[in-house]
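Enquirer: any chance you could fold what I've pasted below:
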Amino acid sequence: MIEQVLTRHNAALRVKITVKTLISLGIIALAVILPQLVHLALGAPGGVQWLPMYLPILLGGCLLGSIWGLGVGVLAPVISFAITALAGNPMPALARLPYMIVELAVFGAVSGLFSRRIAQNGWMAFPAVLLAEVSGRLVFLMIAAIFQSVSPLSAATVWSQIQTGLLGMVLQAVFVPFMVMGLRLLLIRNKE
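Expert: Numbering: from 1, shown residues only. I've put the predicted structure just below:
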């Protein structure tokens, strides 16, 4: 969506990269801060239930496209882990980190596949987010099933986490598209 707006404004490649980089940094910062706030307010179970890191990644994919969405999906959990490990309480936990990297990469890439369509029709954010959530969670479950003999996460544990986080996923499937549609309207209004 951002790419289409910048193209309409005849932005140079350097400007496009700068704008997308700044938006990506903001998305990653939100993906680091939001889980901290949820964990402070609700504890570790709140993170598993509300899935606060997922919201910024879904938003980033819809806004930035699949490649940049994949990038923020990979970088957000790595940067969150690095920063929070310095404070002595790494989030996500090291055992969960590889799973989150893959899952969030899928979230960002799949929601990003719809970015151009969202630029044309904001309602496309709904299938974008829903398909990204389902794809990411399925990949998480498949990877856990494949590596459960060598990993502390079994497929049964992951399935339980998916069930626990269902309410958070449903709320994000509604909230994120409305955020994207609102941002789209602001960007279209600024165009005119």
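
Enquirer: which parts of the longest helix along the chain are buried?
Expert: Longest helix in the chain, counting residues (DSSP state H): helix 13-42. Buried positions in helix 13-42, judged by neighbour count with 16 or more other Cβ atoms under 10 Å: 16, 19-20, 23-24, 27-28, 30-32, 34-36, 38-39. For glycine as for every other residue, the C-beta is placed from the backbone atoms N, C-alpha and C.

Enquirer: tell me which helix or strand residue 130 sits in.
Expert: For residue 130, the enclosing helix or strand under DSSP states H and E is helix 125-147.

Enquirer: I'd like the average pLDDT over that helix.
Expert: Average pLDDT, helix 125-147: 97.

Enquirer: I'd like to know which elements the longest helix of the chain is packed against.
Expert: On a contact count with 3 or more Cβ pairs under 8 Å, 6 or more residues apart in numbering; DSSP states H and E, helix 13-42 meets helix 2-8, helix 44-50, helix 54-64, helix 66-86.

Enquirer: let's have these in TSV, adding distance to residue 151, mean neighbour count and mean pLDDT.
Expert: Output for the helices and strands packed on helix 13-42, formatted as TSV (distance: least, Cβ to Cβ, whole Å; neighbours: other Cβ atoms under 10 Å; pLDDT from 0 to 100):
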stretch	distance to residue 151	mean neighbour count	mean pLDDT
helix 2-8	36	17	91
helix 44-50	17	16	90
helix 54-64	21	30	97
helix 66-86	16	20	97
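
Enquirer: which one, of these, ends up nearest to residue 132?
Expert: Checking those against residue 132 by Cβ to Cβ gives helix 54-64 as the closest, at 5.9 Å.

Enquirer: picking up where we left off before, quick one: which of the helices and strands packed on helix 13-42 is nearest residue 164?
Expert: Here helix 44-50 is closest among the helices and strands packed on helix 13-42 (Cβ to Cβ), at 5.2 Å.
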